[in-house]
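*Asks:* below are the sequence and a predicted model for it; my questions follow.
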Amino acid sequence: MRQSKSFIPTLKEVPNDATVPSHVLMLRAGMVRTLGAGIYSFLPLGYKLVKKVSEIIREEMDAIGGQEFHLPALNPREIWEETNRVEAFGDILFHIKNKNRDYVLAPTHEEIMTYHARRVVKSYKDFPQIWYQIQTKFRNEPRPRSGVLRGRQFLMKDSYSLDSSWENLDTAYDLHYQAYHKIFKRCGLKFFVVGASSGAMGGTGSEEFMVQSDAGEDTVAHCESCGYSANVEVAASVVIPLVRDAESKAVYEIETPNVKSIDELCAFLNISETQCAKSRVYICNNEAVLVLMLGNDEVNETKLEKTLGAPFRPAHMEELKDITGADAGSIGPVGFPKKVIADLRLKDANNMFSGANKNDYHIGGIDFSRDIPSVEYHDLRTAKSGEGCPKCGSTMGVFTAIELGHIFKLGTKYSASMGATFTDEKGAENPIIMGSYGIGVERVIACYIEQHHDERGIVWEKEMAPFHVHLIGLNMKKEVVSQAAEKIYSELTAAGIQVLFDDRTDATVGFKFNDADLLGMPLQVIVGEKKLAEQKVEVKVRKSGDRSEVTVEQLLSTVKDLLK
RNA sequence: CGGGGCGUAGCGCAGCCCGGUUAGCGCGCCUGCCUUGGGAGCAGGAGGCCGCAGGUUCGAAUCCUGCCGCCCCGACCA
């Protein structure tokens, strides 16, 4: 493609409203433009990527027997009432009212697929089915952000499996699991899989395909060596256990004026934080509960809720004094009138420091087994980066990540509420057993760029690159150069290589080089007057920056080699 | 929805506190010359409802009020 005739409006400067690298680069490389908050137009170069990713997805979906649908985005509201999801989605759902009819813009398509299934899929002989679509979904996100990573309208591949038994659902789920691995691998993404924490959607299983990114919205723990992954809300970790001192001192009170935090206490008494038990008071079922954590460990509220088995809230400042006799900063387990639970790390600890339940006092010499015998121990802490993997013990990372895809065993939630049933071998009527499987197409592109860029721009690998070669004619006003470049262009193109040809006559050298690095095609072929005098052109590998000179005759084979 | 920031030419910004001729700068754009191995040079030119509305004032980009839009943090996220 000739750049002189292409609409690839690159930007030299960083647009004011973009912060994450993929957003900045997609704007700068002329891939997308903003139309409103969370609403993006894909320009030709960006759309080329969309098509590329879609095609990879399509191939892998077809390979597992998927059949592609094209479904309406405009949906009659009633269908969404059947599963009560108008209410469930709430403000997320876009509504349209037109001449007494209510419509919604589809945020996903479970209902529509189920609607079609219930009309025709009637016998156990009709299964299995995998139905999919690659289409725009609409969700009125409360806070769109990070460019295309969280938009209010976005492209999603959604597939739905229809089966007559739970075993067959497992098969469909597994097929998707494998297909997703292939898709993301082909897209050159470094990803990992996380068992989703819990879903309000019912069903028996769900996994998320994630990519590590600072722009991510989920925090996960992941172990590179064994593949253990978990949302930090449920992640366990191995930490160095406390060693119980041989002798327990007696409990003693210490005056600690204005000492509130663990850090202040450590500084004041010149002790380490692993000698301290931090206190947090929660209210659960109208009863106070004291939660003890070692040092500065954070209470993991998801784990706490599981432990308590009921919703809870942190105690208000004013309540603390009534319950404990002290304000926050001086609370501790000894003499605490209600239930006390502690993190596993504190099990049987002794000679510990904690609040005295008396303002400006702490106590030392606490022996958990002697002084608070009724305490229950649970895993209550939030895993931190650098701690041990609970599976293999290697060092584990805790970081933010982006959800690229999600596979989900829905079960009969939608088929049951919408009456999508089939007749089994024995003549009995059963709800269809379903799964749903999504991939955010733009997210794949954005994540790719998050993982494949440097300070100069995007760095495409061959598989994802919109073009294989960026052919740069340096001074296209010189006939030697333009003739040679034109010839190379036809030659490479004829050989089936996708070439972006910078044939612009008005752009200067630096301009072209910078554009090429920004756009990031894997190879740059540079045609200039000087090298041409020796019948040579230059080939630059974008990723490494390596340049080599080759004769015009050698060019095609060199390019082919480098693209292997 | 809470907290913070921003809205001035296509893009990036200054001016605003402390009101006062014609609102600036860099990049980009147009014309001409010139130039081509890392975002050139010279000369000339076009381009603005200073986000919108109201108010204060002799006078508002500048002060006040309301609204809208955008970004960031948080809450939320089948």
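*Replies:* It's in.
*Asks:* please count neighbours and contacts with C-alpha atoms only from this point.
*Replies:* OK.
*Asks:* what's the domain layout of chain A?
*Replies:* Here the domain parsing of chain A from automatic domain parsing is A:46-72+A:106-235+A:399-449, A:252-378, A:458-563.
*Asks:* including distance to A:Phe89 and mean pLDDT, could these go into CSV?
*Replies:* Listed next are those as CSV, based on distance: least, CA to CA, whole Å; pLDDT from 0 to 100:
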stretch, distance to A:Phe89, mean pLDDT
domain A:46-72+A:106-235+A:399-449, 9, 92
domain A:252-378, 22, 89
domain A:458-563, 35, 96
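*Asks:* nearest to A:Ile92, of the ones you listed?
*Replies:* A:Ile92 sits nearest to domain A:46-72+A:106-235+A:399-449 of all the domains of chain A, at 4.4 Å, using CA to CA.
*Asks:* and RNA strand B, is that closest one touching that?
*Replies:* Yes - residues of domain A:46-72+A:106-235+A:399-449 are located near RNA strand B by CA under 7 Å from any atom of the strand, namely A:107-108, A:141-147, A:199-201, A:217-218, A:406, A:437-438.
*Asks:* give me the phi and psi for the residue in chain A positioned nearest to RNA strand B.
*Replies:* Residue of chain A nearest RNA strand B, by CA to the nearest atom of the strand: A:Gly510 (3.0 Å). Dihedral pair for A:Gly510: phi -60, psi -40, per degrees, to the nearest 10.
*Asks:* before we move on, back to that, which of the residues of domain A:46-72+A:106-235+A:399-449 next to RNA strand B fall within strands?
*Replies:* A:Asp218, A:His406, A:Tyr437, A:Gly438 (DSSP state E).
*Asks:* pull the most distant pair out of the residues you listed.
*Replies:* Largest separation among these by CA to CA: A:Asp218 and A:Tyr437, giving 18.8 Å.
*Asks:* those two: which is more packed in?
*Replies:* When A:Asp218 and A:Tyr437 are compared for neighbours, A:Tyr437 comes out ahead with 23 against 17, by other CA atoms under 10 Å.
*Asks:* could I get the contacting residues of that one?
*Replies:* Residues in contact with A:Tyr437 (CA atoms under 8 Å, 6 or more residues apart in numbering) are A:Lys157, A:Asp158, A:Ser159, A:Tyr160, A:His176, A:Gly405, A:His406, A:Ile407, A:Phe408.
*Asks:* redo those residues as TSV? Include neighbour count.
*Replies:* Formatted as TSV, the contacts of A:Tyr437 follow (neighbours: other CA atoms under 10 Å):
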residue	neighbour count
A:Lys157	22
A:Asp158	24
A:Ser159	25
A:Tyr160	27
A:His176	26
A:Gly405	23
A:His406	23
A:Ile407	25
A:Phe408	24
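*Asks:* which SS class is the spatially most central residue of chain A?
*Replies:* The residue lying closest to the centre of chain A (CA atoms, centre = their mean) is A:Ile402, at 1.5 Å. Recorded secondary structure, A:Ile402: strand (DSSP: H, G, I helix; E, B strand; the rest coil).
*Asks:* contact partners for it?
*Replies:* Counting by CA under 8 Å, 6+ apart, A:Ile402 makes contact with A:Met210, A:Val211, A:Gln212, A:Ser213, A:Ala215, A:Gly216, A:Glu217, A:Asp218, A:Cys447.
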